[in-house]
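Give me coordinates for this.
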Amino acid sequence: MNRKVTIELDWDTIDKITTCSMKSLVEILEADLEKRKDDTGMAIFEKDKESDIALIEKHIEAFKLVLSYYGERV
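Sure thing, here's the model as predicted:
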């Protein structure tokens, strides 16, 4: 059976969902970064290790920048 549910969210709730999701992504990327640095992780963005590490770091900083816009500390 296919059922639909419609909900309404206020902007504060949407912001909280967004920031929680981004914080989780930062944690995941930081863990991936450490694994990539010690050769236990797999490539995330690039096969070349150094390029991949640089891109992971850029993405972490980008998420942190957006989180700072929302007033969040990471």
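
Can you name the next helix or strand after the strand or helix carrying Asp12?
Per DSSP states H and E: Asp12 is located in helix 11-37. Going down the chain from helix 11-37, the next helix or strand is helix 49-69, by DSSP H and E.

can you pull the buried residues of that following helix?
Buried residues in helix 49-69, counting neighbours by 16 or more other Cβ atoms under 10 Å, are found at 52-53, 55-56, 59-60, 63, 67. From N, CA and C alone the C-beta is placed, and that goes for glycine too.

Repeat that for stretch 39-52.
Those would be 41, 44, 52, for stretch 39-52 by 16+ other Cβ under 10 Å.

Ends of that stretch, what's the gap?
12 Å (Cα to Cα, to the nearest Å).

how far out from the middle of the chain is that stretch?
Relative to the centre of its chain, stretch 39-52 is centred 17 Å away, using Cα atoms, centre = their mean, to the nearest Å.
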